[in-house]
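In: how would this look folded up:
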Amino acid sequence: MQFCKTCFLCAKCNCQLDPNGYHLWEGAQICDICFAKTMSTKCTACDFPIEPGDRWLEALNVAWHTECFCCAVCQAELEGQPFYAKGKKPYCKKPACKRKAI
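Out: Numbers count the residues shown, from 1 in each chain. Take a look at the predicted model:
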(Lines give C-alpha, C1' and ligand atoms only; values in the text may rest on other atoms or scores of the structure.)
Protein backbone atom coordinates (compact mmCIF):
# COMPACT_ATOMS: atom_id res chain seq x y z
CA MET A 1 0.00 0.00 0.00
CA GLN A 2 1.35 3.43 -0.91
CA PHE A 3 0.48 6.82 0.53
CA CYS A 4 1.30 10.31 -0.59
CA LYS A 5 3.53 12.12 1.90
CA THR A 6 0.73 14.34 3.24
CA CYS A 7 -1.62 11.37 3.75
CA PHE A 8 0.88 9.15 5.59
CA LEU A 9 -0.25 10.04 9.12
CA CYS A 10 -0.12 8.51 12.57
CA ALA A 11 -3.42 6.79 13.36
CA LYS A 12 -3.33 8.12 16.93
CA CYS A 13 -2.08 11.74 16.79
CA ASN A 14 -2.31 12.50 13.03
CA CYS A 15 1.29 13.70 12.79
CA GLN A 16 3.07 13.07 9.49
CA LEU A 17 4.97 9.79 9.58
CA ASP A 18 8.52 9.22 8.46
CA PRO A 19 8.40 6.32 5.96
CA ASN A 20 11.58 4.96 7.57
CA GLY A 21 10.45 5.30 11.19
CA TYR A 22 6.97 4.19 12.11
CA HIS A 23 5.36 1.21 13.80
CA LEU A 24 2.44 -1.04 12.94
CA TRP A 25 0.09 -1.40 15.89
CA GLU A 26 -3.20 -3.26 15.61
CA GLY A 27 -3.10 -2.90 11.83
CA ALA A 28 -2.46 0.86 11.83
CA GLN A 29 0.66 2.96 11.37
CA ILE A 30 1.70 4.99 14.43
CA CYS A 31 4.61 7.31 15.19
CA ASP A 32 7.45 6.54 17.61
CA ILE A 33 5.97 8.78 20.33
CA CYS A 34 2.52 7.17 20.22
CA PHE A 35 4.12 3.73 20.08
CA ALA A 36 6.11 4.47 23.26
CA LYS A 37 2.99 5.80 25.02
CA THR A 38 0.91 2.80 23.94
CA MET A 39 3.46 0.09 24.58
CA SER A 40 5.22 1.36 27.71
CA THR A 41 4.37 -0.02 31.11
CA LYS A 42 3.36 2.72 33.54
CA CYS A 43 3.65 2.82 37.30
CA THR A 44 0.24 2.66 38.95
CA ALA A 45 1.18 5.19 41.62
CA CYS A 46 2.94 7.95 39.65
CA ASP A 47 1.70 7.18 36.10
CA PHE A 48 5.23 7.63 34.71
CA PRO A 49 6.63 4.98 32.34
CA ILE A 50 8.80 2.24 33.75
CA GLU A 51 11.99 2.76 31.78
CA PRO A 52 14.74 0.23 31.07
CA GLY A 53 17.00 0.14 34.13
CA ASP A 54 14.26 1.28 36.55
CA ARG A 55 13.67 -0.88 39.61
CA TRP A 56 10.07 -2.01 39.60
CA LEU A 57 7.78 -4.73 40.85
CA GLU A 58 4.39 -6.20 40.13
CA ALA A 59 1.86 -6.32 42.95
CA LEU A 60 -1.94 -6.32 43.02
CA ASN A 61 -1.78 -7.27 39.30
CA VAL A 62 -0.20 -3.95 38.29
CA ALA A 63 3.30 -2.47 37.91
CA TRP A 64 4.94 -0.09 40.40
CA HIS A 65 8.30 1.65 40.66
CA THR A 66 9.82 0.15 43.82
CA GLU A 67 9.94 3.60 45.46
CA CYS A 68 6.25 4.15 44.63
CA PHE A 69 5.03 0.91 46.19
CA CYS A 70 4.17 2.38 49.59
CA CYS A 71 1.54 2.08 52.29
CA ALA A 72 -1.51 4.15 51.39
CA VAL A 73 -1.62 5.54 54.94
CA CYS A 74 1.92 6.08 56.25
CA GLN A 75 3.87 5.95 52.96
CA ALA A 76 6.28 3.28 54.27
CA GLU A 77 8.02 1.50 51.38
CA LEU A 78 6.64 -2.01 50.99
CA GLU A 79 9.06 -3.73 48.63
CA GLY A 80 9.73 -7.17 50.09
CA GLN A 81 7.43 -6.49 53.07
CA PRO A 82 4.16 -8.20 53.95
CA PHE A 83 1.15 -5.97 53.31
CA TYR A 84 -2.62 -5.88 53.18
CA ALA A 85 -4.58 -4.81 50.12
CA LYS A 86 -7.92 -3.05 49.95
CA GLY A 87 -9.37 -1.42 46.87
CA LYS A 88 -6.15 -1.99 44.89
CA LYS A 89 -4.17 -0.01 47.49
CA PRO A 90 -1.39 -1.52 49.62
CA TYR A 91 -1.30 -1.06 53.40
CA CYS A 92 1.54 -1.98 55.74
CA LYS A 93 0.94 -4.13 58.81
CA LYS A 94 1.39 -1.36 61.39
CA PRO A 95 -1.68 -1.37 63.66
CA ALA A 96 -2.95 2.08 62.59
CA CYS A 97 -2.59 1.27 58.89
CA LYS A 98 -3.99 -2.23 59.35
CA ARG A 99 -7.23 -0.76 60.79
CA LYS A 100 -7.72 1.30 57.62
CA ALA A 101 -7.12 -1.73 55.43
CA ILE A 102 -9.68 -3.94 57.12
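In: for the lowest-mean-pLDDT helix or strand in the chain, packing partners?
Out: Taking mean pLDDT, DSSP states H and E as the measure, helix 32-39 is the helix or strand of the chain with the lowest mean score, a mean of 80. Helix 32-39 is packed against strand 23-25, with contacts defined by 3 or more C-beta pairs under 8 Å, 6 or more residues apart in numbering; DSSP states H and E. C-beta here means a position set from N, CA and C on the backbone, and glycine is covered the same way.
In: quick check: mean pLDDT across whatever helix or strand comes next after the strand it packs on?
Out: Where DSSP states H and E defines the elements, the next helix or strand beyond strand 23-25 is strand 28-30. Strand 28-30 carries an average pLDDT of 88.
In: list the buried residues of strand 28-30.
Out: 29, 30 (16 or more other C-beta atoms under 10 Å).
In: quickly run through the sheet partners of that strand, with directions.
Out: strand 23-25 (antiparallel) (DSSP bridges).
In: show me how far the partner strand is from its chain's centre.
Out: 19 Å (C-alpha atoms, centre = their mean, to the nearest Å).
In: what are the buried residues along that strand?
Out: In strand 23-25, counting by 16+ other C-beta under 10 Å, buried: residue 23.
In: next one: stretch 33-49
Out: 34, 35, 43, 44, 45, 49.
In: hang on, residue 40 packs against residue 47?
Out: No - counting by C-beta atoms under 8 Å, residue 40 stays clear of residue 47, with 11.0 Å between them.
In: what's the closest non-adjacent residue to the residue positioned nearest the centre of the chain?
Out: Using C-alpha atoms, centre = their mean, the residue of the chain that lies closest to the mean C-alpha position is residue 42, 1.0 Å off. Distances taken as C-beta to C-beta, 6 or more residues apart in numbering place residue 49 nearest to residue 42, at 5.6 Å, with adjacent residues excluded.
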